[in-house]
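**Q** starting from these lines, generate the structure:
(one chain, ligands or ions: 1)
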Amino acid sequence: MTKPVRTRIAPSPTGDPHVGTAYIALFNYVFAKKHGGSFILRIEDTDQARARSDSEGAIMKSLHWLGLSWDEGPDVGGPKGPYRQSERQTIYQEHAQILLDRGEAYRCFCTPERLGILREEQRQAKGRMGYDYRCRDLSSQESDRRAQEGEPFTIRLKMPKEGFSLMTDLLRGEVRRSYEELDDQVLLKSDGFPTYHLANVVDDHLMEITHVIRAEEWIPSTPKHIRLYEAFGWEAPVWIHMPLLRNPDKNKSKISKRKNPVSLLFYKEAGILPSALVNFLALMGFSFGEDVEKFTVEQMIEVFSFEKVSLGGPVFDLDKLNWINGLYMRDLSEEALLAEMEAIWLNRAYFAKLLPLVQNRIKNLNDFIDQTAFFFNVELSYDTPDGPLLLPKNRTPKEMGEALTEAAEAMDRMESWTIEAIEAALRTVAEEKNLKVKELFMPVRVAISGKKASPPLFESIEALGKERVRFRLRKAAEYVKTLQS
Ligand code: GLU
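**A** Residues are numbered from 1 along each chain as shown. Next comes the predicted model:
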């Protein structure tokens, strides 16, 4: 009897919900549903330093918004839980111990200092980089004794020193990798936390994942994972590495927030309908057949197979997304469209937030529209009479491009989105970039509002929200570089 299909996504909650997560979630979801299987959400939060408390909830909310709901996960539970890696620490420790007992892994007592020196020496010698196996052949007596004496250690996986690792990928065929390039991977860190590799493989096995469908960027990790399955004596899942989403630039670089908004929240706030976004993501590599471009998830499930997925780097093209979104807009009844509009910006709560910002600037109710139009737009143009104010006197386009980019990044890093914190972050940027406060604040004002005179700056930024603010700052950074100093 074949095993029931089980797929998963395993996001790390380190930032905003990413379009790439939704893209991979979609293919996992569709494949599981096609085969009457289960789709699982697992939160990979073992990297405590990078985890962000608000991120897990935002990821779940965005996936629900897209209709990509899971059968098992941290919020809904399930038979193979817990589904948050931070709640599974003892499982990883027990499994590292199993590998020690089987002679497939070993304790490494090398200190971070020693490893640092080793790396430096290897760099200078321009030879093989990586661990030099010093602890690999310690006797078990010595290893036990040193552990008992309390000497800190990591646990490393024994990798073959020669030969090739072979992965069979459903989309790519056989992918070979020389073992010489692969280090004895650390599985358990000296603080007892697992690395991604150990936790990921142990969980995929215990959660009975049959198909690992993930992004191409994980291909370099897969030989380590295959080796782990062998070391445990487990059957490995089917590997499917989806093509990376690309920026629509000349060299089709990997999608990044420097070039394109990558947060799902941005698209939600930009008035993209979830059904349109899912349809658009489906087109990234998958062809429905007969040139059909508009289809629902249910229709995709009906016809889906990985044979219809191609590897040519799919381009995340906003014009195309808007085009598809337009098709979905046309399909909605007026009533439904009204409801969508109310849900985004055209609602009393948003008006109530904006009104105090402009109340003493308006002479009649109609002025409200003029004064607040930029609060309802997504994209602004800087090719306007005030556009040149992005560049203060005596500053170069390059300098201001960098300053506005840094302002966008500072906004990106903010965890608490308050007026005070926004002001403090922008003051820090001015200081770091050796700009007078007004040399930064005027360009920021023009960037976010399109005009030199706008309602109070930090309040406006707060009301606009992080997504549109950093989108505009990045666009303004690009634009300022085209100006003459
Ligand atoms: N935690 C990894 C991520 O952030 C999971 C990668 C995988 O699917 O194996 O995407």
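
**Q** how much space separates residue 58 from the ligand?
**A** Per C-beta to the nearest ligand atom, to the nearest Å, residue 58 is found 14 Å from the ligand. Placement of C-beta: from N, CA and C, glycine included.

**Q** so who does the nearest residue to residue 37 once chain neighbours are set aside touch?
**A** In space, and not counting its chain neighbours, residue 37 is closest to residue 5: 3.0 Å by C-beta to C-beta, 6 or more residues apart in numbering. When contacts are counted by C-beta atoms under 8 Å, 6 or more residues apart in numbering, residue 5 touches 31-32, 35-38, 210-211.

**Q** which of these lies closest to residue 288?
**A** residue 31 (15.2 Å; C-beta to C-beta).

**Q** quick one: which of the contacts of residue 5 has the most company?
**A** Comparing those by number of neighbours (other C-beta atoms under 10 Å), residue 32 comes first, having 24 neighbours.

**Q** in stretch 224-232, what counts as buried?
**A** 224-228, 231-232 (16 or more other C-beta atoms under 10 Å).

**Q** mind listing which of these are in helices?
**A** 224-228, 231-232 (DSSP state H).

**Q** now those residues as a markdown table including pLDDT and distance to the ligand?
**A** As requested, these are exported to a markdown table (pLDDT from 0 to 100; distance: C-beta to the nearest ligand atom, whole Å):
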| residue | pLDDT | distance to the ligand |
| --- | --- | --- |
| 224 | 97 | 11 |
| 225 | 98 | 8 |
| 226 | 97 | 13 |
| 227 | 97 | 15 |
| 228 | 98 | 12 |
| 231 | 98 | 18 |
| 232 | 98 | 17 |
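
**Q** count of neighbours near the nearest residue to residue 428 once chain neighbours are set aside?
**A** Leaving aside its chain neighbours, residue 428 sits nearest to residue 410 (6.9 Å; criterion: C-beta to C-beta, 6+ apart). For residue 410, the count of nearby residues is 18 (other C-beta under 10 Å).

**Q** beyond the one helix or strand residue 410 maps to, next helix or strand please.
**A** Counting by DSSP states H and E, the element that carries residue 410 is helix 397-413. The helix or strand immediately downstream of helix 397-413 is helix 419-432, counting by DSSP H and E.

**Q** got the contact list for the helix or strand following that next one?
**A** Once helix 419-432 ends, the next helix or strand along the chain (criterion: DSSP H and E) is helix 437-449. Outside helix 437-449, the residues within contact range by C-beta under 8 Å, 6+ apart are 374, 380, 382, 386-387, 389-392, 395, 400, 403-404, 407, 426-427, 429-430, 433, 451-452, 454-455, 457, 460-461, 464, 468-469, 472-473, 475-476, 480.

**Q** residue contacts, whichever residue of the stretch 351-485 of the chain sits closest to the ligand?
**A** Distances between the stretch 351-485 of the chain and the ligand by C-beta to the nearest ligand atom are smallest at residue 412, namely 18.1 Å. Residues in contact with residue 412, defined by C-beta under 8 Å, 6+ apart, are 257, 466, 470.

**Q** how close does residue 69 get to residue 9?
**A** 12 Å (C-beta to C-beta, to the nearest Å).

**Q** show me where pLDDT drops low in the protein?
**A** 1 (pLDDT under 70).

**Q** picking that back up, among the contacts of helix 437-449, which are in helices?
**A** 400, 403-404, 407, 426-427, 429-430, 457, 460-461, 464, 468-469, 472-473, 475-476, 480.

**Q** and these near the ligand, which?
**A** By C-beta under 6 Å from any ligand atom, no member of the ones in helices among the contacts of helix 437-449 lies near the ligand.

**Q** buried subset of these?
**A** For the ones in helices among the contacts of helix 437-449, buried by 16+ other C-beta under 10 Å: 400, 403-404, 407, 426, 429-430, 457, 460-461, 464, 468-469, 472-473, 475-476, 480.

**Q** up against the ligand, what does the stretch 251-400 of the chain have?
**A** So the stretch 251-400 of the chain never meets the ligand (C-beta under 6 Å from any ligand atom).

**Q** so where do the helices sit in the stretch 251-400 of the chain?
**A** Remark: helices assigned in the stretch 251-400 of the chain by DSSP state H, counting those that start in this stretch are 264-269, 274-282, 297-303, 318-331, 334-344, 348-358, 367-372, 397-413.

**Q** just send those helices back as a markdown table, with distance to residue 422 too.
**A** Converted to a markdown table, these look like this (distance: least, C-beta to C-beta, whole Å):
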| stretch | distance to residue 422 |
| --- | --- |
| helix 264-269 | 17 |
| helix 274-282 | 28 |
| helix 297-303 | 38 |
| helix 318-331 | 26 |
| helix 334-344 | 22 |
| helix 348-358 | 14 |
| helix 367-372 | 19 |
| helix 397-413 | 7 |
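
**Q** nearest to residue 140, out of these?
**A** helix 397-413 (46.7 Å).

**Q** quick one: residue 26 from residue 454, how far?
**A** On the measure of C-beta to C-beta, residue 26 and residue 454 end up 39 Å apart.

**Q** so these two - more neighbours on which side?
**A** Neighbours per residue (other C-beta under 10 Å) separate residue 26 from residue 454, with residue 26 holding more: 26 against 21.

**Q** which residues touch the more buried one?
**A** Taking C-beta under 8 Å, 6+ apart, we find residue 26 in contact with 66, 68, 278, 281-282, 297.

**Q** need those in JSON lines (columns: neighbour count).
**A** Formatted as JSON lines, the contacts of residue 26 follow (neighbours: other C-beta atoms under 10 Å):
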{"residue": "66", "neighbour count": "22"}
{"residue": "68", "neighbour count": "22"}
{"residue": "278", "neighbour count": "23"}
{"residue": "281", "neighbour count": "24"}
{"residue": "282", "neighbour count": "22"}
{"residue": "297", "neighbour count": "19"}
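
**Q** and which of those is nearest the ligand?
**A** For the contacts of residue 26, the nearest to the ligand is residue 68 (15.1 Å; C-beta to the nearest ligand atom).

**Q** what about that closest one, which helix or strand?
**A** Short version: residue 68 belongs to no helix or strand, going by DSSP H and E.

**Q** wait, what's in contact with it?
**A** Counting by C-beta under 8 Å, 6+ apart, residue 68 makes contact with 22, 25-26, 29, 39, 278.

**Q** in strands only, show me those residues.
**A** The strands, defined by DSSP state E, take in residue 39 from the contacts of residue 68.

**Q** any idea how far the closest residue in space to residue 69 that isn't next to it in sequence is from residue 344?
**A** Spatial nearest neighbour of residue 69, chain neighbours left out: residue 63 (7.2 Å); criterion: C-beta to C-beta, 6+ apart. Remark: distance between residue 63 and residue 344 (C-beta to C-beta) = 19 Å.

**Q** good, we can wrap up now.
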